[in-house]
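>>> here is a sequence with its predicted model. Questions after.
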Amino acid sequence: MKRVAPLFVALVLSVVLALVAYRVAVHYATVPTADNQAPPESAPADRPEPLPMDTTAIGPAPLSPEQARAADAIERARPIQAAVDQFYADQGTWPRNLAQLGLGYPDDYEGGPVAAISVHPFGEVAVAMKPHVARGGVIRLSPTVQPDGQLVWNCRASNYAAATRLPNCR
């Protein structure tokens, strides 16, 4: 029994050394490039150092197809938002519905990912999504009156994850 301890210590040390070797190998591994070749170890001596990249020229990341549909739905509601803006500026109250704005019925705005657009209390513009896009998905555009009387629009979505990933809608 007294001979088991050195064997156990040797086993633990070998496992620890194997883990360290694995970690070092992973840390220094090279990632293949597009043509499945490892990148060169170092740049040629006559090549100048690369300039720092200006990331402001790149712009935002492209939208996924789901996010593009959500952005399209928000864009389709812009004329109704403008009508609510104008109504509030003229009347000092919120419109009750699309008919009060002279814009027809909610189903008149069906198209693309949008099933209907309606106006709710306090000027909220609700964009209902088609079931194949987001079952029960609604994007709500809510106005907030600023001290100077201007309206600022806030976007939030329910049952529509793609809209919540947009930078201007949560």
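Looks like it arrived, so ask away.

>>> can we go C-alpha only for contacts and neighbour counts from here?
OK.

>>> chain center to the longest helix that the chain contains, what's the gap?
Determined from DSSP state H, the single longest helix within the chain is helix 4-27. Centroid separation between helix 4-27 and its chain, computed with CA atoms, centre = their mean, to the nearest Å, is 44 Å.

>>> use 28 as the first number from now on
Okay, residue one is now 28; in that scheme the one you just asked about reads as helix 31-54.

>>> then it to CSV, C-alphas only?
Once side chains and other backbone atoms are set aside, the C-alpha atoms of helix 31-54 remain, and they are given as CSV (Å, rounded to 0.1, in the frame of the first residue of the first chain):
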residue,chain,number,x,y,z
VAL,A,31,0.5,3.6,-4.3
ALA,A,32,1.3,7.2,-3.3
PRO,A,33,4.2,7.8,-5.7
LEU,A,34,2.2,6.3,-8.5
PHE,A,35,-0.8,8.5,-7.8
VAL,A,36,1.5,11.6,-7.7
ALA,A,37,3.0,10.6,-11.0
LEU,A,38,-0.4,10.1,-12.6
VAL,A,39,-1.6,13.5,-11.4
LEU,A,40,1.5,15.2,-12.7
SER,A,41,1.2,13.5,-16.1
VAL,A,42,-2.4,14.7,-16.4
VAL,A,43,-1.5,18.2,-15.4
LEU,A,44,1.4,18.3,-17.9
ALA,A,45,-0.9,17.0,-20.6
LEU,A,46,-3.4,19.7,-19.9
VAL,A,47,-0.8,22.4,-20.0
ALA,A,48,0.6,21.0,-23.3
TYR,A,49,-2.9,21.0,-24.7
ARG,A,50,-3.5,24.6,-23.6
VAL,A,51,-0.2,25.7,-25.1
ALA,A,52,-1.0,23.9,-28.4
VAL,A,53,-4.4,25.6,-28.6
HIS,A,54,-3.0,29.0,-27.8
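
>>> which regions of this protein lie under the pLDDT threshold?
The model of the chain has pLDDT under 70 over residues 28-29, 49-88.

>>> which stretches of it form helices?
Under the criterion DSSP H, the chain carries helices at the ranges 31-54, 92-103, 105-118, 125-128, 188-191.

>>> out of these, which one sits most buried?
Each of the helices of the chain was assessed for mean neighbour count using mean count of other CA atoms under 10 Å. The highest is helix 188-191, with a mean of 20.
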